[in-house]
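Asker: What follows is a predicted structure for the sequence shown.
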Amino acid sequence: MLRQSLFALALLIGGPATAQPFGSGAIPVSSECLVRVTAMPATWLIEGYDPFGTDIPEGTFSVAFTNEGTSECRFKPVFELDQPPFGLSSGSGRQIGYALLSMQDAQDVTPRAGRTQRVLSQSTITLAPAESRTVLYKLVVDPTDVRTSGTYSEDLTIVATDASMKTFGGARLVVGLNVLPSARIGLAGAYTIENGRALVDLGELRAGKAPTPLQLRVKSTGRFELVVTSQNSGKLRLGGTNWFVPYTMAIGDRTLNLLSVERVSGSERGSVSGMIQESALPIEFTIGDVSNRRAGTYSDTILISVSAK
């Protein structure tokens, strides 16, 4: 009886884009109170976010407020949208939600309705002439809104205003998120895990298609490429001997030539599941001639890796 036991399917991974800076400045309203507002940097961009990683897309940035007037200034910082709707955008598709949090008083200052909602608990900044203060802000992006790779951004203005909404100064800035092209793969179906490898048992080897239900699941932010390598170049080998059984492998509608490294391109087709593209590709093994072979366990190791495009 010939048996094939172990296919080691090693699953690897796959991997850019920018925003445009705006300057800072002061908007004079009176010669007595004049606040220069400087966003540091002018573009608040969270770089290199991998939607399949474990990190939260967030970053901390700062704004410096300087009283360039001749009298004391009392104001609250307010963020305003340059143009609705609210949300980070790449120019098409749905916006990505985000939040802006003041680290000074733990207030949510996100301009969801066009500008920061003023609340009594928000701290008032008081500056004497020539005095400066730096306030830290945290930008947190909603990862469940991320669907494809690219750079998403929104133009804002931060202004210093008093209780009557008089403006003493302001600066433009950009908030954004750079999403890396990324992909992940996994298996579904008849396999087990041993020593970190996926093991596929083809049962008693018979010529023809092996009755082993197996799928390769691909999650990606867009296009991807699979690279498939057979350690034994398409042969199930009886360990430590020259005995072998030839076989072929198919992924999706593509039959692979395992004599060399094979590349399989994937498109953005597939079902959109909230944040990413999903593809379920059937894997089939077709066994060749098994006649006049020595009994034993025949095996091969297959490496499948994925890279995002």
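Answerer: Okay, I see it. Numbers count the residues shown, from 1 in each chain.
Asker: who does residue 157 bridge with?
Answerer: Beta-bridge partners recorded for residue 157 (DSSP bridges): residue 80, residue 172.
Asker: Now for it: which residues touch it?
Answerer: 79, 80, 82, 170, 171, 172, 173 (CB atoms under 8 Å, 6 or more residues apart in numbering). To be clear about C-beta, it is placed using only N, CA and C from the backbone, and glycine gets the same treatment.
Asker: Spatially, what comes nearest to the third one if we skip its sequence neighbours?
Answerer: Nearest non-adjacent residue to residue 82, counting by CB to CB, 6 or more residues apart in numbering: residue 155, 3.9 Å away.
Asker: And the one helix or strand the one you found maps to, how far out from the chain middle?
Answerer: Assigned by DSSP states H and E, residue 155 belongs to strand 150-161. Here strand 150-161 is found 21 Å from its chain centre; the criterion is CA atoms, centre = their mean, to the nearest Å.
Asker: Pull out the buried positions in it.
Answerer: Neighbour counts using 16 or more other CB atoms under 10 Å place 150, 151, 152, 153, 154, 155, 156, 157, 158, 159, 160, 161 of strand 150-161 among the buried residues.
Asker: Quick one: low-confidence residue ranges for this structure.
Answerer: Within the chain, the ranges that satisfy pLDDT under 70 run 1-31, 267-276.
Asker: Recalculate using a threshold of 50.
Answerer: Scanning the chain with the threshold set as pLDDT under 50 gives 1-30, 270-274.
Asker: okay, which residue is most central for it?
Answerer: The centre of the chain sits closest to residue 51, judged by CA atoms, centre = their mean, with a distance of 2.3 Å.
Asker: Distance of that residue relative to residue 44?
Answerer: Remark: distance between residue 51 and residue 44 (CB to CB, to the nearest Å) = 19 Å.
Asker: go on, residue 204?
Answerer: For residue 204, the distance to residue 44 (CB to CB) stands at 62 Å.
Asker: Who has more neighbours out of the two?
Answerer: Taking other CB atoms under 10 Å, residue 204 and residue 44 do not tie; residue 44 has more neighbours (25 against 10).
Asker: report the angle between the axes of whichever strand or helix holds that one and strand 150-161?
Answerer: Using DSSP H and E, the element containing residue 44 is strand 43-49. Strand 43-49 and strand 150-161 meet at an angle of 150 degrees, taking axes from the mean of the first three to the mean of the last three CA atoms, to 10 degrees as the criterion.
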